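1. Give the three-dimensional model of this entry:
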Amino acid sequence: MDAGTDAGTDTGTDTGAADGTIGAHGADPVLTLYQELRRRGVSSFGEVYAQLRLTPEEYERCRDALVSLGLIVPTGAAHATITAVQDGSWRSDTDAVAAIDPEIALLRLLERERERLREHLAEADRAYSTLETLAGTFLRADALTRAEAEVEALTDYRRIQQAIEDITDVMQESSASLHPGTPGRQDPERMLDRDRRQIGNGVRVRAIYGRQEAALPEMAEFLGRRAEVGVEIRLAPSVPLNLIIADRQFALVPIRPEDPGEGAILARGSALVRPYLSLYEHCWHTATPYGNDVAPERGGDGLSEQQRAALHMLASGMKDEKIARTLGVSLRTVSRMISELMQELGASSRFEAGARAVQLGWLD
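-> Here you go, the predicted model:
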């Protein structure tokens, strides 16, 4: 008795309402049709469609959906392959179909999507190779190491801003800039957005400002925001010109430093950028870290004559061996002395120690 009840329940689920239609339960025709085909294994699609009383529109929709999902495969004397069904090359003189296990259909569908993704990636690689060939040395910053030096004069403000955006997008290692005045026409929010993008990409961002301009309330607030983002900022008594250097491969400088509004020169290639980078490093080592201004009279008074002499020779670029011979001490003593002086000056290199000593007036 129980077995008969179960069988009747299963039949009702598969075939729909008592009159054979599927609308009485409000079930999805695709699901109902697939369940019936799955129960039969191999069957005439038209026969099942007629039994479930689907409309012609529902017939087309359900068949297309089940075929596209790989849940049914047209069959005849021999089964159709999935490839033949997908490319439309399969032809059969009957409408018989075989129901496919959902797990098998899912695996096949995933493999089809993987193949489609591989094709898209291959197409993207081909497009990239074509663009790289056409764009040549302009496409990537690292390609400029092999390129000849190039110079472009930019007289339109919009073109200058676009050049800055372009440089920002390809920058990979470092950004260094000099700012003799306030941001002027530049949008502070846009500059902060560039800072976030660069630092987020692992780029070291440095900037030098004039101490007098940095004392202005609005400028002080702006520099504070740049510092919070992660920009390394230093202040100098005077800044010679506007300058932006990127990855040792780009330099943007004014056509005439005394008239920044006249336009800018975009230099590409390490051969042209190297002198500007040397200028920048000199300015950087002689500037004061932002928020850490040191008065010139601080320190230096307690130096011994030997230390002061060593510092003079260090600032002049003299090697340790010559300093040791001049002072009449061992090389080890000179190394220890210079290490102590660098620590006292908060310098990370010999060159920076000499520059800091001059800035602080220790060598006067």
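2. Pretty sure Ala105 sits in a helix.
-> Yes - looking at Ala105 with DSSP: H, G, I helix; E, B strand; the rest coil, it is inside a helix.
3. correct me, but it touches Gly70?
-> Yes - using CB atoms under 8 Å, Ala105 is in contact with Gly70, at 4.1 Å. Quick note: C-beta positions are derived from backbone N, CA and C, even for glycine.
4. Give me the next element, helix or strand, following the helix or strand containing His312.
-> Per DSSP states H and E, His312 falls inside helix 305-315. Per DSSP H and E, the first helix or strand lying C-terminal to helix 305-315 is helix 320-327.
5. got the contact list for that next one?
-> Contact with helix 320-327 is made by Gln306, Ala309, Ala310, Met313, Leu314, Met318, Ser330, Leu331, Thr333, Val334, Ser335, Ile338, as judged by CB atoms under 8 Å, 6 or more residues apart in numbering.
6. try it again with 7 Å
-> Gln306, Ala309, Ala310, Met313, Ser330, Leu331, Val334, Ser335 (CB atoms under 7 Å, 6 or more residues apart in numbering).
7. looking only at pLDDT, what's the mean for that helix?
-> Helix 320-327 shows a mean pLDDT of 84.
8. Stretch 73-90 now?
-> 61.
9. what about the helices in the stretch 1-150 of the chain?
-> 2-15, 29-40, 45-51, 56-68, 82-86, 102-135 (DSSP state H, counting those that start in this stretch).
10. average pLDDT for the last one?
-> By that I understand helix 102-135. Here the average pLDDT along helix 102-135 is 79.
11. same question, stretch 193-200
-> Here the average pLDDT along stretch 193-200 is 88.
12. before we move on, what about stretch 155-163?
-> Computed over stretch 155-163, the average pLDDT equals 84.
13. okay, the helices of the stretch 1-150 of the chain, which one's buried deepest?
-> helix 29-40 (a mean of 19; mean count of other CB atoms under 10 Å).
14. CA atoms only: put that one into CSV for me.
-> C-alpha atoms of helix 29-40 as CSV (Å, rounded to 0.1, in the frame of the first residue of the first chain):
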residue,chain,number,x,y,z
PRO,A,29,8.6,23.9,-17.9
VAL,A,30,12.4,23.4,-18.4
LEU,A,31,12.9,21.7,-15.1
THR,A,32,9.7,19.6,-15.5
LEU,A,33,10.6,18.6,-19.0
TYR,A,34,14.2,17.6,-18.0
GLN,A,35,12.9,15.5,-15.0
GLU,A,36,10.6,13.6,-17.4
LEU,A,37,13.4,13.1,-19.9
ARG,A,38,15.8,12.0,-17.2
ARG,A,39,13.3,9.5,-15.9
ARG,A,40,13.0,8.0,-19.4
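15. Tell me the helices and strands packed up against that helix.
-> Under the contact criterion of 3 or more CB pairs under 7 Å, 6 or more residues apart in numbering; DSSP states H and E, helix 29-40 touches helix 2-15, helix 45-51, helix 56-68, strand 96-99.
16. hey, least reliable of those by pLDDT?
-> helix 2-15 (a mean of 38).
17. who's in contact with Leu109?
-> Here Leu109 is in contact with Leu69, Gly70 (criterion: CB under 7 Å, 6+ apart).
18. Just list whatever residues bridge to Arg204.
-> For Arg204, the beta-bridge partners are Ser174 (DSSP bridges).
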